[in-house]
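>>> From the sequence below, what's the structure:
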Amino acid sequence: MSAKSSVFDPRIWDERAKSNLIELLNKNNYAMVMFCTLSQCHPLAIEMAKIIKGRGHPPITVFGGKHQDETISYEKNSKSISINPDNTLELILSKKIPPVADYVVSGDGPFALDLLCNI
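Residues are numbered from 1 along each chain as shown. Reported below is the predicted structural model:
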């Protein structure tokens, strides 16, 4: 299966797209599903992740992309991390959404994904 056949366009998230997602999940045993989101499509990614996590033996889910970059920051002077209330991790921790993400990646994704894929 090509990666392109499992990419969903958030502008076209309808019943047909949901059906296609479920069909892909039924046909394939994915080990990991990654979401690269902009803030405006973050709610759709959460909805997709709920579908994925609602199945038996769900794959590892990773949220990254511009939304994460814009809602998590590292404060160099204080050596602390600031997490915006709209961030996926914060939404999970505050119980506003179910635990749909196993990992949240902000910043340079390829390095983190390389580590995650080798766990």
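>>> For the rest of this, base every contact and every neighbour count on C-alpha atoms.
OK.
>>> Report the buried residues of the helix or strand of the chain with the lowest mean pLDDT.
Least confident helix or strand, the chain: helix 109-117 with a mean of 87, by mean pLDDT, DSSP states H and E. For helix 109-117, a neighbour-count test (16 or more other CA atoms under 10 Å) marks nothing as buried.
>>> How about residues contacting that helix?
Helix 109-117 has contacts (CA atoms under 8 Å, 6 or more residues apart in numbering) with 64, 105.
>>> what about residue 106, helix or strand, and which?
Using DSSP states H and E, residue 106 sits in no helix or strand.
>>> Give me the pLDDT for the residue in the chain sticking out farthest from the centre.
The outermost residue of the chain relative to its centre, with distances by CA atoms, centre = their mean, is residue 77 at 29.2 Å. If you check residue 77, the pLDDT there is 93.
>>> for the one 5 residues further on, same thing?
pLDDT recorded at residue 82 is 92.
>>> Return the residues in contact with the residue positioned nearest the centre of the chain.
For the chain, the residue nearest the mean C-alpha position is residue 63 (2.8 Å; CA atoms, centre = their mean). If you count contacts by CA under 8 Å, 6+ apart, residue 63 has them with 34-37, 88, 101, 103-105.
>>> could you measure residue 36 against residue 75, distance?
23 Å (CA to CA, to the nearest Å).
>>> would you say residue 82 is within a strand?
Yes: checked against DSSP: H, G, I helix; E, B strand; the rest coil, residue 82 lies within a strand.
>>> Just confirm it contacts residue 74, I think it does.
Yes: under the criterion of CA atoms under 8 Å, residue 82 makes contact with residue 74 at 6.2 Å.
>>> so where do the strands sit in this structure?
For the chain, applying DSSP state E gives strands covering 32-36, 60-64, 72-75, 80-83, 103-104.
>>> Kindly compare burial across those and name the winner.
Ranked by mean neighbour count, the strands of the chain are led by strand 60-64 with a mean of 20 (mean count of other CA atoms under 10 Å).
>>> Run through the protein and note the low-pLDDT ranges.
For the chain, the stretches with pLDDT under 70 are 1-5, 10.
>>> Residue 57 versus residue 89, what's the distance?
Counting by CA to CA - residue 89 and residue 57 are separated by 21 Å.
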